[in-house]
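Participant: curious how this folds, go ahead:
(2 chains)
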Amino acid sequence: MAEFYQHLLNTLVLGGTYALLGIGLTLIFGIMNVVNFTHGALYTVGAYLTYLAVAALGLNFFLALPAAILGGLVLGAAIELVLLRPLRGSDIDTTMLVMIGAGIVLQSGTLWLFGGVAKAIPTPFPEAPLQIGPVSVSWLRLFVLGAALTLIVLTYVLINRTRLGLAMRAAFQDHDTAALMGVNVRLIYTATFAIGSSLAAAAGALLGPVYVVFPQMGGMAELKAFAIVILGGLGNITGAAIGGFILALAEELGAGYISSGYRDAMGFLIIIAVLVFKPTGLFAKAERIG
Amino acid sequence: MLEIRDLVCGYGHVTALKGLTIEVRAGQLVALVGANGAGKSTTLRAISGLVPARSGSIRLEGRDITGADPRRVLGHGIAHCPEGRRVFPQMSVAENLAMGAYLRRDKAGIAADLARIYGEFPRLAERRAQAAGTLSGGEQQMLAIGRALMARPKLVLFDEPSLGLAPNIVERMFSVIRAICDAGTTVLLVEQNAFAALELCDYAYLLETGRIVLAGKGADLIADPHVRDAYLGG
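Facilitator: Numbering: from 1, shown residues only, chains lettered A, B, ... in the order given. Have a look, this model is predicted:
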């Protein structure tokens, strides 16, 4: 039983960051109808920004996360302004190809700048894990869980309780009518892409120190983000949050009780199962972004 | 108040408006009637900046607003209540009304207008927390009207407010629109229901395939043989 509790605890830690990844991707798809193939690369960039801040610049570890989020915001806004805005109105295939290209450029860019050798990010946390009854968890992972939950709540508040969030939901539901209400829809697209990108960067910044940082780390993260978004229903933020935790649970249980080799396969099994049995996602009936 | 001169616009190869000239005087309720596809909605969409003008001009109180984007047009005081109501279906009634006041910053004024609209449409007050998509067609139209008024506009554009509504609700809709005009807001109304619109309005234009073919007081248009034959069922 202790092992099971340990898996549940690990699920929470992993699920928090997965939820961030999924929310970022589903937000961009839901509002902009863009399949964001730079999401994984932004996750990688977030991890490298943390590495750069902590290991190279000697910045405080706790400042690295806001720095990575800010980096994600800026890079996301730049991608939207330079690549997506001119492509607005062109068909989804064109946009998709351009985004795949941008993802490759970003990934190759990190390889060029930092080399292919995996890097570890030093953290200020004690080595000894915290023992809670039968389960143990490292302080770093507790921090990751706390930070991820905080960011999820902040995103929720942003979308449901602020003027920007109201405009984002309006643009998502009917962009012409949102424009008639005075919403600057082009600005909303830029803001949405920047926020979605910053969530991917945040996830990378949080998981980077847990594992190691390398240029291809975003590839698997992106596929998992797609699994989460499909699981939760396209454009469904609450679905993506829950989907993140479900994927983490499936991975933990799959790795723990079947074989650790199956960990990364769980996401794909979920995609297949959802597409076969409930192609609109598990939470299609739940409220979507708006 | 609003002057449109020789307006030409269209979609792709289709020219929807072929030199449209109309005038809406302050305080009037002006109706734009005509058949499906005559260019009525396009006129309103061009005023709001949703459709670009190819040539011609649109002036509001002397100021040229041709080519202004929807945000700026609204900022100048023209609200647009679109065809098919277009409420935000997954937002609550209250949030829809808040969207109407999106550009405004005067909290006290917004609260006062909200209270007035809830007073006018008690059904909306009862359902303020409900998702707009779950309202009936008539309630959604009331919400769309309320949302347009929340901008506290000088001029409101109504696009087919009677579309798809039950006859008794249509009647109520038209009396609400008349009341809006009587309260001092200028109205440009686009309607397929020509008879109702002509009875309601102070002045009317008849639009046929992108051009104004007839203009005058509502009663004059009702009496016109061509209008009688083509639009009022003889």
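
Participant: other residues contacting the helix or strand bottoming out on mean pLDDT in chain B?
Facilitator: Counting by mean pLDDT, DSSP states H and E, chain B has its least confident helix or strand at helix B:225-231, which shows a mean of 86. Here helix B:225-231 makes contact (C-beta atoms under 8 Å, 6 or more residues apart in numbering or on different chains) with B:33, B:34, B:35, B:194, B:195, B:198, B:206, B:214, B:221, B:222, B:234. For every residue, glycine as well, the C-beta is placed using N, CA and C.

Participant: so among these, which ones count as buried?
Facilitator: For the contacts of helix B:225-231, a burial check counting by 16 or more other C-beta atoms under 10 Å in any protein chain shown picks out B:33, B:34, B:194, B:195, B:198, B:206, B:214, B:221, B:222.

Participant: what separates the least confident helix or strand of chain B from the chain centre, distance-wise?
Facilitator: Distance of helix B:225-231 from the chain centroid (C-alpha atoms, centre = their mean, to the nearest Å) equals 24 Å.

Participant: now stretch A:157-169
Facilitator: On the basis of C-alpha atoms, centre = their mean, stretch A:157-169 sits 19 Å off its chain's mean C-alpha point.

Participant: which parts of that stretch are buried?
Facilitator: For stretch A:157-169, a neighbour-count test (16+ other C-beta under 10 Å) marks A:159, A:165, A:166, A:167, A:168, A:169 as buried.

Participant: can you check stretch B:27-34 too?
Facilitator: B:28, B:29, B:30, B:31, B:32, B:33, B:34.

Participant: phi, psi of the residue nearest in space to the middle of chain B?
Facilitator: Central residue of chain B (C-alpha atoms, centre = their mean): residue B:158, 1.4 Å from the mean position. Main-chain torsions, residue B:158, degrees, to the nearest 10: phi -110, psi 120.

Participant: settle this for me: it is touching residue B:81, isn't it.
Facilitator: Yes. Contact criterion C-beta atoms under 8 Å: residue B:158 and residue B:81 qualify, at 4.9 Å.

Participant: what about residue 140, helix or strand, and which?
Facilitator: The chain I'm using is chain A. Per DSSP states H and E: residue A:140 is located in helix A:139-161.

Participant: oops, wrong one, chain B.
Facilitator: Under the criterion of DSSP H and E, residue B:140 resides in helix B:137-149.

Participant: for that helix, packing partners?
Facilitator: Secondary-structure packing of helix B:137-149 (3 or more C-beta pairs under 8 Å, 6 or more residues apart in numbering or on different chains; DSSP states H and E): strand B:78-81, helix B:93-100, helix B:107-120, helix B:122-126, strand B:155-159, helix B:167-182.

Participant: quick one: residues in contact with the fourth one.
Facilitator: Defining contact as C-beta under 8 Å, 6+ apart, one finds that helix B:122-126 is touched by B:93, B:97, B:117, B:118, B:119, B:139, B:142, B:143, B:146.

Participant: might you report the residue contacts of the last one?
Facilitator: In this case it means residue B:146. For residue B:146, the contacting residues are B:97, B:100, B:117, B:120, B:121, B:124, by C-beta under 8 Å, 6+ apart.

Participant: now do the residue nearest to the centre of chain B against residue B:188, distance only.
Facilitator: Counting by C-beta to C-beta, to the nearest Å, the separation of residue B:158 from residue B:188 is 7 Å.

Participant: touching, residue B:29 and residue B:175? I think so.
Facilitator: No. Taking C-beta under 8 Å as the definition, residue B:29 is not a contact partner of residue B:175, at 11.9 Å.

Participant: what parts of chain B come near chain A?
Facilitator: B:48, B:50, B:69-71, B:74-75, B:79-80, B:82, B:86, B:88-91, B:95, B:98-100, B:102-103, B:147, B:151 (C-beta under 8 Å from any C-beta of the partner chain).

Participant: just the buried residues from those residues, in PyMOL please.
Facilitator: Selection of buried members from the residues of chain B next to chain A for PyMOL, criterion 16+ other C-beta under 10 Å:
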select buried, chain B and resi 48+50+69+70+71+74+79+80+82+86+88+89+90+91+95+98+99+100+102+147+151
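
Participant: returning to that earlier point: just name the most buried of the helices and strands packed on helix B:137-149.
Facilitator: strand B:78-81 (a mean of 28; mean count of other C-beta atoms under 10 Å in any protein chain shown).

Participant: can you map out the strands along the stretch 1-150 of chain A?
Facilitator: In the stretch 1-150 of chain A, strands defined by DSSP state E, counting those that start in this stretch lie at A:130-132, A:135-137, listed in chain order.

Participant: in chain A, where is pLDDT below threshold?
Facilitator: A:284-290 (pLDDT under 70).

Participant: ok, longest helix in it?
Facilitator: Ordering each helix of chain A by length in residues (DSSP state H) puts helix A:2-32 first.

Participant: which parts of the stretch 101-250 of chain A are helices?
Facilitator: In the stretch 101-250 of chain A, the helices defined using DSSP state H, counting those that start in this stretch lie at A:139-161, A:163-173, A:175-180, A:185-207, A:217-232, A:237-253.

Participant: what about residue B:20, which SS state?
Facilitator: Of the three states, residue B:20 takes strand under DSSP: H, G, I helix; E, B strand; the rest coil.

Participant: cool, and the one 3 residues further on?
Facilitator: Classification of residue B:23 by three-state DSSP places it in strand.

Participant: taking the stretch 51-200 of chain A, what residue is nearest to chain B?
Facilitator: Residue nearest to chain B within the stretch 51-200 of chain A: residue A:182 (3.8 Å; C-beta to the nearest C-beta).

Participant: coming back round to it: now the buried residues of stretch A:157-169 in CSV, with distance to chain B?
Facilitator: As requested, the buried residues of stretch A:157-169 are exported to CSV (distance: C-beta to the nearest C-beta, whole Å):
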residue, distance to chain B
A:159, 12
A:165, 10
A:166, 6
A:167, 7
A:168, 11
A:169, 6
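
Participant: if I look at the closest residue to residue A:96 other than its chain neighbours, how far off is chain B?
Facilitator: Distances taken as C-beta to C-beta, 6 or more residues apart in numbering or on different chains place residue A:35 nearest to residue A:96, at 5.3 Å, with adjacent residues excluded. Look at residue A:35 and chain B: by C-beta to the nearest C-beta, to the nearest Å, they are 22 Å apart.

Participant: thinking residue A:35 is in contact with residue A:97, fair?
Facilitator: No. Counting by C-beta under 8 Å, residue A:35 stays clear of residue A:97, with 10.4 Å between them.

Participant: so between the two, which is more surrounded?
Facilitator: residue A:35 (18 against 11; other C-beta atoms under 10 Å in any protein chain shown).

Participant: and residue B:19, how many neighbours?
Facilitator: Neighbourhood size, residue B:19 [other C-beta under 10 Å]: 14.

Participant: ugh, wrong one, residue A:19
Facilitator: For residue A:19, using other C-beta under 10 Å, the count is 29.
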